[in-house]
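1. next input, structure requested:
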Amino acid sequence: MWETIKKEPAAKIAFAFFLLFSLWFAYYHLLGINPKSQSDWFSVTYGIIAIWGGFWGFIIAKKWGWIHSLLGKSIFLFALGLASQEIGQLGYTYYIYFLHVPVPYPSIGDLFFYGTIPLYILATFFLAKASGIHISLRSIGSKLQIILIPTAILILSYIVFLQGYKADWANPLKVFLDFAVPFGQAIYISLAILTYTLTRGILGGMMKSKVSFILFALSAQYIADWTFLYQASRNTWVAGGINDYMYLCAYFLMTLGLLQLGITHEKLKK
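-> Numbering: from 1, shown residues only. You can find the predicted model right below:
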């Protein structure tokens, strides 16, 4: 990670964004100076790092062959997922701070927030194929992991978010999203864990650490999403709170992960 920040100007800017927002977050939380105003502005602006990562992700995907290669497709979809997160944030910002009305659920912002889930699922799938995951599926242990990991995560999602759930069929789209979101997130984090565990003996050289870092960034995104669902289900989520900072960390890590793949491509060309 630090090597990428030292060598890549785009990574230096991403790190500067992350450091700036981290100091800002600490400032208004520790000192309590205009906390509501500060937290609102933090919530509105920190997504700039997702835009930055998405922009460079598109450029790096093109270097790897764009949609004509497995890794190019994976990078493109991860970048699109980052951009989609920020578009969703802007949708919420428009309702809250410009229209001054409560945000309807589901809203246009949710369309882009939740649109990240299928993008990340596909991105992780292509990353797994590019990593040679099909080779290690021959063992019985690998086949058991494919069954046990997703099952365990789905059971946990049900216990935390859906146990005792009362469906409001007057709003069927809300009911669909309430079920689809935790299950969709369980799918992409299961794919990430499987990709890591099933390719440990396959990947080597400079690509091993890069793929592992992408999967680590994906795990950070999952934890942030999981925290949001947990807080929202208990009406404890607040703008500019710890969950927004978790998203900042996830966007920063994914941005660095994509930039590392860009540096790797340049090394392979030499």
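2. where are the low-confidence patches of the stretch 151-270 of the chain?
-> Applying pLDDT under 70 to the stretch 151-270 of the chain flags residues 161-163, 165, 198-208, 264-270.
3. strands of that one, residue ranges please.
-> Assigned strands in the stretch 151-270 of the chain: none (criterion: DSSP state E, counting those that start in this stretch).
4. tell me which element residue 120 is part of?
-> Element membership for residue 120, per DSSP states H and E: helix 108-130.
5. buried set for that helix?
-> Using 16 or more other CB atoms under 10 Å as the test for burial, helix 108-130 gives 108-110, 112-128, 130. Placement of C-beta: from N, CA and C, glycine included.
6. pull the residues that contact stretch 51-71.
-> 10, 13-14, 17, 72-73, 75-76, 78-80, 82-83, 86, 126-127, 129-130, 251-252, 254-255, 258-259, 261-262, 265 (CB atoms under 8 Å, 6 or more residues apart in numbering).
7. so for that stretch, what's the average pLDDT?
-> Throughout stretch 51-71, pLDDT has a mean value of 92.
8. surely residue 8 touches residue 263?
-> Yes: here residue 8 reaches residue 263: they are 5.9 Å apart, a contact under CB atoms under 8 Å.
9. how many neighbours does residue 74 have?
-> Applying other CB atoms under 10 Å, we find 26 residues neighbouring residue 74.
10. so it makes contact with residue 126?
-> Yes: using CB under 8 Å, residue 74 is in contact with residue 126, at 3.9 Å.
11. and the helices in the stretch 151-270 of the chain, which stretches?
-> 172-198, 205-233, 242-269 (DSSP state H, counting those that start in this stretch).
12. got the buried residues for the last one?
-> Same thing as helix 242-269. For helix 242-269, by 16+ other CB under 10 Å, it's 243-265.
13. can you tell me how far the residue lying closest to residue 223 once chain neighbours are set aside sits from residue 239?
-> Spatial nearest neighbour of residue 223, excluding adjacent residues (CB to CB, 6 or more residues apart in numbering): residue 246 at 6.5 Å. As for residue 246, its distance to residue 239 is 13 Å (criterion: CB to CB, to the nearest Å).
14. try residue 257
-> For residue 257 relative to residue 239 (CB to CB), the value is 27 Å.
15. next one: residue 123
-> 28 Å.
16. do residue 86 as well
-> Going from residue 86 to residue 239 by CB to CB gives 15 Å.
17. more neighbours: which of the two?
-> In terms of neighbours (other CB under 10 Å), residue 86 is the more surrounded of residue 86 and residue 239; the figures are 21 against 17.
18. ok, that one touching residue 50?
-> Yes: if you go by CB under 8 Å, residue 86 and residue 50 touch, sitting 4.2 Å apart.
19. how many neighbours does residue 166 have?
-> So residue 166, with other CB under 10 Å, has 5 neighbours.
20. equivalent analysis for residue 156, please.
-> Neighbours around residue 156, by other CB under 10 Å: 13.
21. before we move on, back to that, centre of the chain to the helix holding residue 120, how far?
-> 9 Å (CA atoms, centre = their mean, to the nearest Å).
22. which helices and strands does it pack with?
-> For helix 108-130, the elements it packs on are helix 70-93, helix 172-198, helix 205-233, judged by 3 or more CB pairs under 8 Å, 6 or more residues apart in numbering; DSSP states H and E.
23. in the first one, what counts as buried?
-> When burial is assessed from 16+ other CB under 10 Å, helix 70-93 yields the following buried residues: 70-89, 91-93.
24. now do that helix against helix 108-130: the angle between them, please.
-> Helix 70-93 and helix 108-130 meet at an angle of 170 degrees, taking axes from the mean of the first three to the mean of the last three CA atoms, to 10 degrees as the criterion.
25. how many neighbours does the residue nearest to residue 190 when sequence neighbours are not counted have?
-> Nearest residue to residue 190 in three dimensions, chain neighbours excluded: residue 150, at 3.9 Å (CB to CB, 6+ apart). Neighbourhood size, residue 150 [other CB under 10 Å]: 18.
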